[in-house]
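# Quick one, structure for this:
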Amino acid sequence: MREKFNQKDIKFIITCLLIGAASTFFALSYFRQAFPEASINLKISKEEGRKQAEQFLANRGWDISDHIHGSRFEYHYWDKTILERHFDAETAGRIYNENSGYYWKYRWFIPGQKEEYKVELKTTGGLHRFEHVIADSTHGDSLSRDAAYAKAQFYITGTLGFNPDEWELKNETGTDRPNRYDYNFEWEEKDFYKKNGLGKKISDVNNNSKDIITSHRISIDIRGSEVSKYHEWIDHPEVWERDYENLRSHNWLLSSIGGFFLNGTLLVILFVIILRMRKKDVRWKTAFSYGGVIAVLFALNTLNRMPETILWVDSSQSLFTLIFSKIFMDIILMSCFQGLIACVIIAGAEVYYRDQYPDQVAFRNILSVSGLKTKYFFNSAVLGLTLTAIFFAYQTLFYMISNYLGGWSPTEVKNINALGTYIPWVGVLLWGIVPAVQEEGLSRLFSIPFLQKYTKSTVIAVFLSSLIWGLAHAGYPAQPYYIRVIEVGLGGVFISIIFLRFGILPALIWHFTIDAVYGAMILLRSDDAYMFTSGLLCAGFFFLPLAYSMISYYKNGGFISSDPLVNALDTDILPDQEGDKVKEQDEAKITAEYKPLSTTRKKIGITIAAVSILLTIFISRDTDLEGLINFNTTRNEAHTKAVSFLNDENIDVSDFDYVITQDADITGWNKGVRTGMSQIGGENLLVLQYIIENAQKDSLTSASEIIKNVYTDHDTPHEWEVRFYKPGLEKEYRVDIDMRNGSVTEYEYTLADTAYVPSINADEAKKL
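Here you go, the predicted model:
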């Protein structure tokens, strides 16, 4: 029997339309007031920038015709956020746009070669950074300091068009390479404050007056006789970074708590799957359907972002290694991993959803062909889309109130890189479906029925699941640090109530749509018809099955009934069938006869075992390194020696906290069993590789002998790193202790870059 729209349905649909329209109007009217967007001055597009970058390299005589190319839009998130924390958004945006904040990044390289070219152009036009990367062993001139400085000054004037008199030299360094001498010069703009209309003091977000200590800087590297690197940036004091890190640490703490409980939820789901698999009561087909869609979209998105990925790959890799690693690791393994996570969540969560809510439409039927033709789907889609509008309005109102009461969050930056991908809508679909499936699967589909069953309380189930969901979202930079917990937690309670009343489908549609809309915003603002249309279709994806449901309704004279699709009837094993199977198993007898191993097989096995034992005893690898693996200094002894060393330097750390960690370049296992199992690792691995390769060119010295000499005469294979610090204070001491003999191998004193200390010249420093 076909189901028709009744008066109750009509009222429901009209109510949803009115609420959705009002919510959308409110959100569109005040969204940017609640979420200020970063003002990015895009005077040049990515393609225009690429042409300019290629011309820049050609003018310098560099041929990139056979090079692989990668590109993307970029900005320094950390710098931008800290600027906005200490200036108002308008001032910070102006400083950032006018002083090389946003830029297009380009890279050209040949796999397997060290040499490569990097060019970064400001979105307002002009050079932000470039670098001609060459090996340290590349031959070049060894200019005098004055000749190198003159070349750098000429580049500032002739190429960049800057007036050298407006820049003050702040730092310079020289590096003696094997076949050349390199220089680095760094300047600071003198009139930075006046140029940007700033006073010498500002008021921070708490209205406290403080000195401006940020600056505009440029640097130039002279490698041999060539200007090989230029960089322009906004420099801010390290103390600002530490202040902001301290502020964000509260967000990260809450987020880690939420992540801990979500991971615990996933672990419980795994146990549920194991238990229900014994009853053959897991809907793997449904789980793999969702996981497969996510895996395919993830693989497509990885291919889609290849122009960006190329920016980060190691140019020393061969082309085959590069292609294999991207295809096998990123496209295949990572895609399968993402799909597997979704598969596990759905497989375990569906079990409790089916058990606890027998009257709801079964999860595997909600988006089936039959399910799309039901009134349940139509009403759920209408409700889910309405919830999207309501949530946008809710977030807008919430953060308008938060901002009024002193809340703060950094400005939003449009996802400009989406415009540079091959298929821009793939990412929109992916990051719509992934959070919808994973978050709704964990926090609603599984957590609520699971907690309902074992706490015997719906209120506790809704509260705990919503709280954990809110905590997991606390990592966003909004302040105060708990603001996202409140916003998302309250939203979670509301969505949970909808879930309990209407099932999981409205929540899935809502979550997918709201994330898809966020992801599609940059496409919806594009003047390109393809971009706009694809963004519109992705953001309103569920209008398509909604239209199909409506067409089916008129074509078939009504909806099909959802009664046969509910959880109560969703079973593959009937009770009597299950009893019959158990009975058959009890009556079955094991008739297989045991057959002992033949004499020949026994002899072969004994021979193989004997040979293996002899090889283990008489063959050893890298045993020459065993002498380096000696742990003669304990952790407590290292602390005592570090304190003693600092006391000898008249440094009192009695009121400092401390932490001791182990740092190792050589690690060994089973030392006493003569396995010779030793391995080189740690941060000096590349240094050792370089020494071995060059030492063995003209010598027959073994690698183990070279390593032993290096660590005996120059370096420490194992050491304790003792760090003394005070939380929130940029002042700490680090002392490294050799594990072999307890000697001090390294000492470092760190203090804030704004701290005042007496200055000394180079000669005085050498005496110290």
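
# So the chain: which segments form each domain?
7-34+244-575, 623-767 (automatic domain parsing).

# how about the ones you listed, which one is nearest residue 218?
Nearest of the domains of the chain to residue 218, taken as C-beta to C-beta: domain 623-767 at 18.5 Å. The way it works is simple: take the backbone N, C-alpha and C, and place the C-beta from them, glycine included.

# tell me the mean pLDDT for that closest one?
In this model, domain 623-767 has an average pLDDT of 71.

# With stretch 368-386 instead?
96.

# that older thread, among the domains of the chain, show me which one is buried the most.
The highest mean neighbour count among the domains of the chain, using mean count of other C-beta atoms under 10 Å, belongs to domain 7-34+244-575: a mean of 18.

# Closest to the centroid, which residue in this structure?
residue 475 (12.1 Å; C-alpha atoms, centre = their mean).

# Skipping its backbone neighbours, what lies nearest it in space?
residue 255 (3.5 Å; C-beta to C-beta, 6 or more residues apart in numbering).

# State the distance from the one you found to residue 473.
7 Å (C-beta to C-beta, to the nearest Å).

# Tell me the spacing between residue 745 and residue 663.
Using C-beta to C-beta, residue 745 is found at 10 Å from residue 663.

# let me fix that: residue 523
48 Å.

# Would you mind extracting the C-alpha trace of stretch 248-262 into PDB?
Only the C-alpha atoms of stretch 248-262 are listed here, as PDB (Å, rounded to 0.1, in the frame of the first residue of the first chain):
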ATOM      1  CA  ARG A 248      46.600  27.300  22.800                       C
ATOM      2  CA  SER A 249      47.900  24.600  25.100                       C
ATOM      3  CA  HIS A 250      44.600  24.700  26.900                       C
ATOM      4  CA  ASN A 251      42.800  24.100  23.600                       C
ATOM      5  CA  TRP A 252      45.100  21.200  22.900                       C
ATOM      6  CA  LEU A 253      44.600  19.700  26.400                       C
ATOM      7  CA  LEU A 254      40.800  19.600  26.000                       C
ATOM      8  CA  SER A 255      41.200  18.300  22.500                       C
ATOM      9  CA  SER A 256      43.500  15.500  23.600                       C
ATOM     10  CA  ILE A 257      41.000  14.500  26.300                       C
ATOM     11  CA  GLY A 258      38.200  14.400  23.700                       C
ATOM     12  CA  GLY A 259      40.500  12.400  21.400                       C
ATOM     13  CA  PHE A 260      41.300  10.000  24.100                       C
ATOM     14  CA  PHE A 261      37.700   9.100  24.700                       C
ATOM     15  CA  LEU A 262      36.900   8.900  21.000                       C
END
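
# Pull the residues that contact that stretch.
442-443, 468-478, 481-482, 484-485 (C-beta atoms under 8 Å, 6 or more residues apart in numbering).

# try 6 Å this time
442, 468, 471, 472, 474, 475, 481 (C-beta atoms under 6 Å, 6 or more residues apart in numbering).

# With stretch 529-547 instead?
The contact list for stretch 529-547 (C-beta under 6 Å, 6+ apart) reads 372, 381, 425, 428, 429, 509, 516, 517, 520, 523, 524, 526.

# Quick one: residues contacting residue 152.
Contacts of residue 152 by C-beta under 6 Å, 6+ apart are 185, 220.

# same thing with residue 177?
Residue 177 neighbours (C-beta under 6 Å, 6+ apart): residue 136.

# what separates it from residue 96, distance-wise?
35 Å.

# for the residue nearest to the centre of the chain, phi and psi?
With angles defined as degrees, to the nearest 10, residue 475 sits at phi -70, psi -10.

# before we move on, the earlier item: for residue 60, state which of the contacts of stretch 248-262 is nearest.
residue 475 (43.2 Å).

# and the closest one, how far is that from residue 228?
39 Å.

# so is residue 218 in a helix, a strand, or just coil?
strand (DSSP: H, G, I helix; E, B strand; the rest coil).
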